[in-house]
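Participant: Here is a sequence with its predicted model. Questions after.
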Amino acid sequence: QLQLVESGGGLVQPGGSLRLSCAASGFSLDDYVIGWFRQAPGKEREGVSSISSDGGRTNYADSVKGRFSISRDNAKNTAYLQMDSLKPEDTAVYFCAAGGYYSDYDLWDYMFEYWGQGTQVTVSS
């Protein structure tokens, strides 16, 4: 069974950090682009970041540039999203996704085939 499982979410104070993980089972992430998306209550899902299959290229939404960092460890079949300097507006359910197409400019959910169930990130004092 092909599956992506996110972990690492939780409650953090503004200015704090969290590291999200996205572990794949049932398939290898080696040939897949990994994307991170988020959805806040009452809002549409938005792309946060993506990384090419070899890890050599990354793309970030303007709202998270300089604060978030995406990475992957293909040997562990896992991708990560390091989130620093968190703000209350980062509060959302975060999803990871795997797909076959990378773009330096676009990050849309239709570009991805497999999705995790999401992990809640809450930034609040």
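Facilitator: Happy to help now that I have it.
Participant: bridging residues for the residue most central in space within the chain?
Facilitator: Residue closest to the mean C-alpha point of the chain, counted by CA atoms, centre = their mean, is Trp36 at 2.4 Å. Applying DSSP bridges to Trp36 gives these bridge partners: Ser49, Cys96.
Participant: Can you give me the separation between it and Ser125?
Facilitator: 24 Å (CB to CB, to the nearest Å). In short, each C-beta sits where N, CA and C put it, glycine included.
Participant: Also Leu18?
Facilitator: Using CB to CB, one gets 15 Å for the distance from Leu18 to Ser125.
Participant: same thing with Tyr110?
Facilitator: 36 Å.
Participant: and if you look at Gln13?
Facilitator: 5 Å.
Participant: returning to that earlier point: more crowded one of Leu18 and Ser125?
Facilitator: Just comparing Leu18 and Ser125: by other CB atoms under 10 Å the higher neighbour count belongs to Leu18, 20 against 8.
Participant: ok, for that one, nearest residue in space, not its chain neighbours?
Facilitator: In space, and not counting its chain neighbours, Leu18 is closest to Met83: 5.0 Å by CB to CB, 6 or more residues apart in numbering.
Participant: cool, and Thr119?
Facilitator: Gly9 (3.4 Å).
Participant: what's the one you found in contact with, if anything?
Facilitator: Leu18, Leu20, Tyr94, Thr119, Gln120, Val121 (CB atoms under 8 Å, 6 or more residues apart in numbering).
Participant: Can you check the pLDDT for it?
Facilitator: In this model, Gly9 is scored at 97, pLDDT.
Participant: Contacts only, for the nearest residue to Ser124 once chain neighbours are set aside.
Facilitator: For Ser124, ignoring the flanking residues on the chain, the nearest one in space by CB to CB, 6+ apart is Pro88 at 6.2 Å. Residues near Pro88 by CB under 8 Å, 6+ apart: Pro14, Val123, Ser124.
Participant: Filter those residues down to the buried ones.
Facilitator: Val123 (16 or more other CB atoms under 10 Å).
Participant: From the contacts of Pro88, pick the one nearest Asn77.
Facilitator: Val123 (28.5 Å; CB to CB).
Participant: Next, work out how far apart the closest residue to that closest one other than its chain neighbours and Val48 are.
Facilitator: Nearest residue to Val123, sequence neighbours excluded (CB to CB, 6+ apart): Leu86, at 4.6 Å. Noted for Leu86: a distance of 12 Å to Val48, by CB to CB.
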